[in-house]
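# compute the structure for the input listed below.
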Amino acid sequence: MTRKARVKWAGDMTFIGESPSGHAVVMDSGSADGGLDHGIRPMEMLLLGMGGCASIDVMLILKKARQNVIDAWVELEGERADDHPRYFTKIHAHFVIKGTDIASHHVERAIELSQEKYCSASVQLGALAKITTSYEVIEA
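Okay, the predicted model is just below:
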């Protein structure tokens, strides 16, 4: 399946990314590279993309398992190579699931399925980065 995205220059070091689904995001570089900090950095978007992809998977799986989730988030930490290209070498994703009577084994399995089977962003980034995960369940 081919999908077409577009990134258009908006002046200075600012670019507008347009997704195949019709959404847009502003990207910019830091001041060290001539940017004006008008938007997210492209490498930050990669990290967020993985977090979003995995979070969607985890929530879908927990919903199917009839878990009563009232809030959820993932905290991501990425380490990058020192030399160019400065790709991610390590990524840690810490999932926090808040709800009532959440079974830890369902959370663990949801994360495992996302990382190993469903999240294409994790698989893609995992080709170069060592990805680790952890989680905590907060009783509401």
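# how is Leu60 assigned, secondary-structure-wise?
helix (DSSP: H, G, I helix; E, B strand; the rest coil).
# quick check, pLDDT for it.
The model reports Leu60 with a pLDDT of 98.
# in contact with the spatially most central residue of the chain, which residues?
Nearest to the mean C-alpha position of the chain, by C-alpha atoms, centre = their mean, lies Gly51 at 2.2 Å. Applying C-beta atoms under 8 Å, 6 or more residues apart in numbering to Gly51 gives the contacts Val74, Leu76, Ala93. Backbone N, C-alpha and C define where each C-beta goes, glycine included.
# CSV please, covering these and showing distance to Val26, neighbour count and pLDDT.
Below are those laid out as CSV (distance: C-beta to C-beta, whole Å; neighbours: other C-beta atoms under 10 Å; pLDDT from 0 to 100):
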residue, distance to Val26, neighbour count, pLDDT
Val74, 23, 19, 98
Leu76, 20, 15, 98
Ala93, 25, 25, 98
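# let me know the closest of those residues to Thr132.
Taking C-beta to C-beta as the measure, Ala93 is the one of the contacts of Gly51 closest to Thr132, at 7.5 Å.
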